[in-house]
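**Student:** starting from these lines, generate the structure:
(chains A and B)
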2 protein chains.
Amino acid sequence: MKSPSSLEFLTEALRRLPGVGPKSAQRMAYHLMQHDRDGAAMLGRALTQAVEHIHHCARCNTFTENEICETCLDSARDASLLCVVETPADQMMIEQTLTYKGLYFVLMGRLSPLDGIGPKDIHLEKLIARATDGYVTEVVLATNFTNEGEATAHYISETLKARGLKVSRLARGVPVGGELEYVDAGTIARAMLDRRST
Amino acid sequence: MKSPSSLEFLTEALRRLPGVGPKSAQRMAYHLMQHDRDGAAMLGRALTQAVEHIHHCARCNTFTENEICETCLDSARDASLLCVVETPADQMMIEQTLTYKGLYFVLMGRLSPLDGIGPKDIHLEKLIARATDGYVTEVVLATNFTNEGEATAHYISETLKARGLKVSRLARGVPVGGELEYVDAGTIARAMLDRRST
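**Tutor:** Okay, here's the model as predicted:
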């Protein structure tokens, strides 16, 4: 027996979702067709709409449906702080902490010479223009703490400091709830070097 | 910060997939928008197409894009055998075993009086007409081995036997690879009762 071709196409397409293998994709396809056709139609519309309407903020690169995103337009935000992140997902994680009230700049990537991703691909010129607009006084680097994220932070830091800006980096250390026994040595070493007087 | 509304709608819609909670839905939505817009567009099309084109075979109820499904039209199949399953997904599992060459009838459900699902909702009249077409000599009941599936099998069995048809049920017993120590007592009891001479 062959499944109808549109069911096979659906199963194939569902595998594009992160973390969905052939077996889950099949289960999802049959579930939607058997029990939730409304949900399938809704998800289809949502995807088409998202692809059509979501583009990048002209100022900070994050996802928006307008020319400039809501965050950039929010006058209650502190325009003297600019936080640099790799992706809109990272930006959202920082927003969820409710500890930051400044603005953002989303690189939409990170430096990765091995993959041919250079300063141009992470909108460095645009970041420099953005950071030297006269309002920004401190740039907070919140790229990931991976090798590539660290290299990106270092590169941006050097570039912006050369232009007289104050540049900071998210603190490294033992995670909240972390037990020293289970934290890797590199993290503990960093936490020791960066220890704070209490 | 609020996510753009079409991104929120997409996250909401992704939660309709089985096994996808709020956190995975968010991860999927951001992943698609950041790294795989083609995949998102393709999945959107696949869903819309599937909802539009997939309906039920007029003869066996399974999913098809045509009036009658490929399996029902396949003349190489043994028309004297009719296997009754609850869902198209169950049918597909049986097909994957390559042990059955007869035809199918898909109930698209199971009897469940508590949920108000009676004989009419599982197309019983249609099944009787199908099973008494003159070609079918044996009906193999392959509903699930849950309480409801068993009750459904029992009900169909009584109905069809009253019409002089031979009715069989998938064998119950210890699963392949099963270790007795870890198999539940009900299964072992049934395997003991249904033991076969070797």
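**Student:** drop to CA atoms for contacts and neighbour counts, all remaining ones
**Tutor:** Will do.
**Student:** off-centre distance for the longest helix along chain A?
**Tutor:** In chain A, taking DSSP state H as the definition, the longest helix is helix A:37-53. Going by Cα atoms, centre = their mean, to the nearest Å, the spacing between the C-alpha centre of helix A:37-53 and its chain's C-alpha centre is 23 Å.
**Student:** that helix and chain B in contact?
**Tutor:** Yes: judged by Cα under 8 Å from any Cα of the partner chain, helix A:37-53 and chain B are in contact via A:37, A:39-51, A:53.
**Student:** show the pLDDT at the one residue in chain A that gets nearest to chain B.
**Tutor:** The nearest approach of chain A to chain B comes at residue A:44, 4.1 Å away (Cα to the nearest Cα). Looking at residue A:44, its pLDDT reads 96.
**Student:** give the contact list for it.
**Tutor:** B:43, B:44, B:45, B:46, B:47, B:48 (Cα atoms under 8 Å, 6 or more residues apart in numbering or on different chains).
**Student:** got the buried residues for stretch A:48-65?
**Tutor:** A:48-51, A:53-57, A:59-65 (16 or more other Cα atoms under 10 Å in any protein chain shown).
**Student:** farthest pair within those residues?
**Tutor:** Farthest-apart pair in those is A:48 and A:59; separation 24.9 Å (Cα to Cα).
**Student:** helices of chain A, residue ranges please.
**Tutor:** Counting by DSSP H, the helices of chain A are A:5-14, A:22-35, A:37-53, A:70-73, A:88-96, A:124-131, A:147-161, A:185-193.
**Student:** for the second one, buried residues please.
**Tutor:** This points to helix A:22-35. A:24, A:25, A:26, A:28, A:29, A:30, A:31, A:32, A:33, A:34.
**Student:** out of the residues you listed, which are close to chain B?
**Tutor:** Checking those against chain B by Cα under 8 Å from any Cα, the ones in range are A:28, A:30, A:31, A:32, A:33, A:34.
**Student:** dump those residues to TSV, plus pLDDT.
**Tutor:** Below are those laid out as TSV (pLDDT from 0 to 100):
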residue	pLDDT
A:28	95
A:30	93
A:31	93
A:32	95
A:33	94
A:34	91
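**Student:** residue A:134: which of those is nearest?
**Tutor:** Out of these, the member with the shortest distance to residue A:134 (by Cα to Cα) is residue A:28, at 51.6 Å.
**Student:** and the longest strand belonging to chain A, what does it pack against?
**Tutor:** The longest strand of chain A (DSSP state E) is strand A:78-85. Applying 3 or more Cα pairs under 8 Å, 6 or more residues apart in numbering or on different chains; DSSP states H and E, one finds that strand A:78-85 makes contact with strand A:102-106, strand A:138-141.
**Student:** now render these as CSV, adding mean pLDDT and distance to chain B.
**Tutor:** As requested, the helices and strands packed on strand A:78-85 are exported to CSV (pLDDT from 0 to 100; distance: least, Cα to the nearest Cα, whole Å):
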stretch, mean pLDDT, distance to chain B
strand A:102-106, 96, 10
strand A:138-141, 94, 18
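**Student:** could these be laid out in a markdown table, adding mean neighbour count?
**Tutor:** Listed next are those as a markdown table, based on neighbours: other Cα atoms under 10 Å in any protein chain shown:
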| stretch | mean neighbour count |
| --- | --- |
| strand A:102-106 | 24 |
| strand A:138-141 | 22 |
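**Student:** can I get the ones you listed in a markdown table with distance to residue B:19?
**Tutor:** Formatted as a markdown table, these follow (distance: least, Cα to Cα, whole Å):
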| stretch | distance to residue B:19 |
| --- | --- |
| strand A:102-106 | 31 |
| strand A:138-141 | 35 |
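**Student:** residue A:69: which of those strands is closest?
**Tutor:** strand A:102-106 (10.5 Å).
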